[in-house]
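Participant: Here is my input; please provide its structure:
(one chain, ligands or ions: 1)
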Amino acid sequence: MNIERFDHEDALATTLATRTIEALSLNPRLVLGLPTGRTPVALYRELRSRSQRGHVDWSQVRTFNLDEFVGLGAGDAGSYRSYMQAELFDHVRIEPLNAGLPDGRAANLAAECARYERAIALAGGIDIQILGIGANGHIGFNEPADSLAAETHVAVLQQDTRAANAGWFGGHLSAVPTHALSMGMATIMGAREIVLMATGEEKSAAVAGMIDGPITTRLPASFLQLHSRVTVMLDRGAALRLA
Ligand code: PGA
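Facilitator: Okay, here's the model as predicted:
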């Protein structure tokens, strides 16, 4: 793993925005895997302001988000679709059909998971997967467990994960869905390159375990040790427990 430390999360976001735009200009048909949550907010702010200021060609880019809540979609304030539209897609010239998320409102969730895997394969696979990490070591909604799912699947959210998401639901834990559709571990590990960003001391234990600990289903991000092109971008807080 290639570990990079930044004094401030804004510097991290600026650096990753620059690299993403460079990758985009080298390959206009780039396939990007995208996260939601608090951590990438600064990255998306940077990407949209640079896209508005200068020429960034999003017309052929395809994106696949990691996950979506079951039961939510466009029009639901707490959905990751709404988050992505507000944070990025509504501000750049991406083709709506090229901006993919699993459909949390699909009538047949198993079929939707299979469709999502096929869509990623048809796009040629993910070139760069950007990830956050949960304080419990999850990536996407692959939660710590005795076993992990390989492909896009229906995930049961742990209580701490739901609590961490309550802010998107007016602070009401009861309003946070209990299930989500999430890329699986093999979906994520299948990306040609992975960039994981983590900020804040509350992530420092998960980050240390991911980098220095044993590979374990109890800390799903630890499997990234087996991928040959991973960059981990950390602010001071998230790096606090590293040697
Ligand atoms: P956060 O979520 O950026 O809101 O902390 C990260 C994650 O759970 O993957």
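Participant: what about the nearest residue to Gly137 once chain neighbours are set aside, neighbour count?
Facilitator: Leaving aside its sequence neighbours, Gly137 sits nearest to Leu219 (C-beta to C-beta, 6 or more residues apart in numbering; 3.6 Å). All C-beta atoms are positioned from the backbone trio N, CA, C, and that covers glycine. The number of residues packed near Leu219 is 22, by other C-beta atoms under 10 Å.
Participant: how far away is Leu219 from the ligand?
Facilitator: Note on Leu219: its distance to the ligand, by C-beta to the nearest ligand atom, to the nearest Å, is 13 Å.
Participant: now Arg48
Facilitator: Distance from Arg48 to the ligand, by C-beta to the nearest ligand atom: 18 Å.
Participant: show me the contacts for that residue.
Facilitator: By C-beta atoms under 8 Å, 6 or more residues apart in numbering, the residues touching Arg48 are Glu87, Leu88, His91, Val92.
Participant: how many neighbours does the third one have?
Facilitator: Neighbouring residues of His91 were enumerated by other C-beta under 10 Å; the total is 17.
Participant: Leaving out the residues flanking it, which one is nearest to the spatially most central residue of the chain?
Facilitator: Nearest residue to the geometric centre of the chain (C-alpha atoms, centre = their mean): Pro35, 2.1 Å. Leaving aside its sequence neighbours, Pro35 sits nearest to Gly132 (C-beta to C-beta, 6+ apart; 4.7 Å).
Participant: Could you tell me how many residues sit around Asn2?
Facilitator: For Asn2, using other C-beta under 10 Å, the count is 9.
Participant: Quick check: it touching Ser228?
Facilitator: No. Counting by C-beta atoms under 8 Å, Asn2 does not reach Ser228; the two are 10.5 Å apart.
Participant: picking up where we left off before, and which of the contacts of Arg48 is nearest Pro144?
Facilitator: For the contacts of Arg48, the minimum distance to Pro144 (C-beta to C-beta) is 27.1 Å, reached by Glu87.
Participant: residues in contact with that closest one?
Facilitator: Thr36, Pro40, Val41, Tyr44, Arg45, Arg48.
Participant: which parts of the top helix by length along the chain are buried?
Facilitator: Longest among the helix segments of the chain by residue count, using DSSP state H, is helix 9-26. By neighbour count on 16 or more other C-beta atoms under 10 Å, the buried set for helix 9-26 is Glu9, Leu12, Ala13, Thr14, Thr15, Leu16, Ala17, Thr20, Ile21, Leu24.
Participant: quick check, nearest of the residues you listed to Asp212?
Facilitator: Leu12 (20.4 Å).
Participant: quick one: that closest one and Thr199 touch, right?
Facilitator: Yes. Applying C-beta under 8 Å, one finds Leu12 in contact with Thr199, separated by 6.8 Å.
Participant: Please list all residues in contact with Arg5.
Facilitator: Arg5 touches Leu234, Asp235, Arg236, Ala239, counting by C-beta under 8 Å, 6+ apart.
Participant: Tell me which stretches of the protein form strands.
Facilitator: 2-6, 31-34, 62-65, 67-69, 99-100, 128-131, 153-156, 179-182, 193-198, 230-235 (DSSP state E).
Participant: And the fourth one, how far out from the chain middle?
Facilitator: The offset between the C-alpha centroid of strand 67-69 and the centroid of the whole chain comes to 10 Å, using C-alpha atoms, centre = their mean, to the nearest Å.
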